[in-house]
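Chemist: Mind folding the following:
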Amino acid sequence: MTQTNNWVRDFRKAIKTSVGSGWTVENDRGNMRLIVGNKTEGRTSVSLPYAWKESQWLEAAQFIKVGADTYKANNGLISIRTALRNTKNSSSERKLDWEGALIRYRKTNTRIIKEPTWKKKHLPVLEGVMFYMNKANYKPQNSKTLHKKVLNEYVHGKYKQITGWELGTPQRRHMRLAFNKFLDYCFNHEEFPSYWRPIDPIVAGERDDLIGDNKRIGYPLTDAQIGRLVDGFGEHDQAQRWKFAVQICAVYGLRPEELNHLVLRNKKSELWCTYRKTNSNFKERKLLPLLVRDIDGKAFDWCYNLVQRLAAGEKLPEIPKGKGGQSFGDYLRRKSIRNIWKSICAEARAEGLECVPYSFRHRYAYVAHTKPQQNGTMRTIKQIADLMGHDPDTNLKSYARFQTKDLEKASDLAEIA
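Modeler: The predicted model follows:
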């Protein structure tokens, strides 16, 4: 018999001895589940706030014992689920000092985590923990439910406009690491119950595989595809707003989020972007166009008056702060142009690439790298980086692949062919 079976046997025996027959536990996808009753009279099943691990069975056995005593003392007038809930509320949960733990946690890492990093990469998610654990109507019952509420549902950011952190992003990973580090401190130094220990990222459904080396390769939209898409928008107000957004993103190579950071200057003759990424030195940049052209090389008429339309008061769609890419993608997939967008995405997949809202920006980068200037020369890496609002290293990392086009022309192959 394995060691695992040994602790399970001891666990079940302890429950039977302290509570009585008809009470046992089972493994429910890595968590503990309490089973009460028998086949003849029927069974009741209740999920417990403990992982199916040897290190947690002693604590779980005591928890079940107290809950069972409460249930029996009420002569069946309350459910087993209610009895267990009251057990949690009347025992350890009321004693947990979340705010005090946060204060002491900060004091222990003052030298390690500098104040700017604390405010930027720790406090946002820990404020979410405090929000839920001090909320009158609902409190998460363990680290798994707290993780789900804070990382996916907590409303934060300036003016409380951002909901959670997007899966598969470096920012979400930073928040999750800060969240887990705090819970680990609470368990090891504040004597919080074991069900408040951080859970494994895979169990939590995290997508770190989308970050770093596995980052998806963006597809640069062709000018013809953008023309098809623009022609497909409906005439109602919301469709026209998103059509305007597509045109601006394509011509000026914008990140979707930058639609929230456009300003007009110099008597409304110049379009500027004030968006600043956290890891960038760019505070703002003047936006300069790379026109979208038809099959004959002539720019579409709508390319010429985008700044004037903004100056005249034409509206862009209202996009929640921090949700530019998500909102853009949702509209393209769900509204009148969804079939055109799906067909373009299929064309991208045929090349082994993925079409996303950033593909308008990728198109701008592709044109900047491959289309000569009016004097016949090519743009420098520094020029392209400045046009797009990032540093040259970022440009090389993300778009150097566009410079590898037409390698045969860059070589002396023609002389020996």
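
Chemist: what about the strands in the stretch 151-300 of the chain?
Modeler: Counting by DSSP state E, counting those that start in this stretch, residue ranges of the strands within the stretch 151-300 of the chain are 155-156, 162-163, 262-265, 270-273, 285-286.

Chemist: The second one - contacts with which helices or strands?
Modeler: Packing contacts for strand 162-163, counted by 3 or more Cβ pairs under 8 Å, 6 or more residues apart in numbering; DSSP states H and E, involve strand 155-156. Just so you know, the C-beta spots here come from the backbone N, C-alpha and C atoms, and that holds for glycine as well.

Chemist: any chance of the strands of the stretch 151-300 of the chain in CSV, plus mean pLDDT and mean neighbour count?
Modeler: Shown next, in CSV, are the strands of the stretch 151-300 of the chain (pLDDT from 0 to 100; neighbours: other Cβ atoms under 10 Å):
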stretch, mean pLDDT, mean neighbour count
strand 155-156, 90, 16
strand 162-163, 86, 16
strand 262-265, 96, 14
strand 270-273, 96, 17
strand 285-286, 93, 16
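
Chemist: could you redo those as CSV and give each row distance to residue 125?
Modeler: Compiled in CSV, the strands of the stretch 151-300 of the chain are given as follows (distance: least, Cβ to Cβ, whole Å):
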stretch, distance to residue 125
strand 155-156, 8
strand 162-163, 12
strand 262-265, 30
strand 270-273, 28
strand 285-286, 30
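
Chemist: Tell me which of these lies nearest to residue 293.
Modeler: strand 270-273 (20.0 Å; Cβ to Cβ).

Chemist: quick one: contacts of that closest one?
Modeler: Among residues not part of strand 270-273, those counted as contacts by Cβ atoms under 8 Å, 6 or more residues apart in numbering are 252, 254, 258, 261-265, 284-287, 306-307, 310, 389.

Chemist: Which of the strands of the stretch 151-300 of the chain sits closest to residue 333?
Modeler: In this view, the strands of the stretch 151-300 of the chain are compared for proximity to residue 333 by Cβ to Cβ, and strand 162-163 is the closest at 18.8 Å.

Chemist: longest helix anywhere in the protein?
Modeler: Longest helix in the chain by number of residues (criterion: DSSP state H): helix 170-189.

Chemist: So for it, mean pLDDT?
Modeler: When pLDDT is averaged along helix 170-189, the result is 91.

Chemist: can you check stretch 22-31 too?
Modeler: Rounded to a whole number, the mean pLDDT of stretch 22-31 is 87.

Chemist: on that earlier part again, looking at the contacts of strand 270-273, spot the one nearest residue 103.
Modeler: For residue 103, the closest of the contacts of strand 270-273 turns out to be residue 261, at 35.6 Å, with distances computed as Cβ to Cβ.
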